[in-house]
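*Asks:* Any chance you can model this:
(one chain, ligands or ions: 1)
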Amino acid sequence: MSERVRLIVFGRQGAGKGTQCTRLAAHYGVPHISTGDMLRAAVRDGTAFGLKAKEYMDAGRLLPDDIMVGLVAERLAHHDAREGWLLDGFPRTTGQAEALVAVTGDESFSMAVNLDVPEEVVIERISSRRVCALDSSHIYSVSRPPKVPGVCDVCGGEVVQRADDTASAVRERLDLYQAETAPLIDWFESRGKLVTVDGNNDPDAVTAALVAAIDAHRAE
Ligand code: ADP
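*Replies:* Now for the predicted structure:
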């Protein structure tokens, strides 16, 4: 199977998408494109766009579809995404999914993986999640802390709680998931592109289940 994959990974906040997508991208040799990480990088850089994005993110709201579609279309045009990609956090509305298909045409996604974890489990996980302030794709938790307390193992950045991981923003984000993103399950299913994997397990077991399910769908 030499052809590269074009993967969408979605699921509730705190389902483990960031951790699993980093592993999957390395496994399949494709760039990991996380819209959340891209937005947090813009916030950290203090660009005008980043300041605007921060207002939405801190409130736990979604950015407008047209802005997100522009951001992702631009990223997918980079050379490293020519032969495959993994999208983490996009699309998260059916409008975004339709726009993605319109932008990518024949090179559209191969499948969409729903990393399935019940709401009560993700609430618990998010409250203990910690990330590197320099690169939010470096993820820790209260029970899986960095080796030196408060210091990122990968890059030495400060390990902090995400601004949108407060209890009220989490509630808002989970409600939005139910209203805006959960309808994508039927959208992908009706196109024969849905793969569901149980994410309520230890990280290595989830990775193994993801690879098995993705490879099985590719072989179909
Ligand atoms: P989570 O899934 O835990 O909310 P992300 O890191 O994926 O975390 O996203 C953080 C925030 O960035 C979202 O709450 C939202 O404000 C914004 N965001 C990310 N991706 C999108 C998207 N596809 N559409 C709209 N807003 C987005």
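*Asks:* what's the helix or strand for whichever residue of the chain sits closest to the ligand?
*Replies:* When scored by C-beta to the nearest ligand atom, the chain has residue 36 as its residue closest to the ligand, at 1.8 Å. In short, each C-beta sits where N, CA and C put it, glycine included. With the criterion set as DSSP states H and E, the secondary-structure element containing residue 36 is helix 35-45.
*Asks:* And for residue 140?
*Replies:* Here residue 140, judged by DSSP H and E, is contained in strand 139-141.
*Asks:* distance between the helix or strand following that strand and the chain's centre?
*Replies:* From strand 139-141 onward toward the C-terminus, using DSSP H and E, the following helix or strand is strand 159-160. Going by C-alpha atoms, centre = their mean, to the nearest Å, the spacing between the C-alpha centre of strand 159-160 and its chain's C-alpha centre is 19 Å.
*Asks:* Is residue 69 in contact with residue 103, as I believe?
*Replies:* Yes - using C-beta atoms under 8 Å as the test, residue 69 is close enough to residue 103 to be in contact (7.0 Å).
*Asks:* Please, where are all the strands along this structure?
*Replies:* If DSSP state E is used as the criterion, the strands of the chain fall at 6-10, 32-34, 85-88, 111-116, 129-132, 139-141, 159-160, 194-198.
*Asks:* now the angle between strand 194-198 and the longest one, please.
*Replies:* In other words, strand 111-116. Using axes from the mean of the first three to the mean of the last three C-alpha atoms, to 10 degrees, the inter-axis angle of strand 111-116 relative to strand 194-198 is 30 degrees.
*Asks:* returning to that earlier point: just tell me which of the strands of the chain ends up closest to residue 149.
*Replies:* Ranking these by their distance to residue 149 (criterion: C-beta to C-beta) puts strand 159-160 first, at 8.1 Å.
*Asks:* by contact count, what packs against the helix or strand of the chain with the lowest mean pLDDT?
*Replies:* Lowest on mean pLDDT, DSSP states H and E among the helices and strands of the chain sits helix 167-176, with a mean of 88. Helices and strands touching helix 167-176, by 3 or more C-beta pairs under 8 Å, 6 or more residues apart in numbering; DSSP states H and E, are helix 119-128.
*Asks:* does any part of the helix it packs on sit near the ligand?
*Replies:* No - looking at helix 119-128 against the ligand by C-beta under 6 Å from any ligand atom, there are no contacts, and the closest approach is 7.3 Å.
*Asks:* That helix - what's its average pLDDT?
*Replies:* Taken as a whole, helix 119-128 carries a mean pLDDT of 92.
*Asks:* same deal with stretch 86-102?
*Replies:* Mean per-residue pLDDT for stretch 86-102: 96.
*Asks:* Give the buried residues for it.
*Replies:* Buried positions in stretch 86-102, judged by neighbour count with 16 or more other C-beta atoms under 10 Å: 86-94, 96-97, 99-100.
*Asks:* Then stretch 104-121?
*Replies:* Buried residues in stretch 104-121, counting neighbours by 16+ other C-beta under 10 Å, are found at 109-115, 117.
*Asks:* what residues does this structure put near the ligand?
*Replies:* Counting by C-beta under 6 Å from any ligand atom, the positions of the chain adjacent to the ligand are 13, 35-36, 39, 56-57, 60-63, 68, 89-90, 92, 96, 164, 173.
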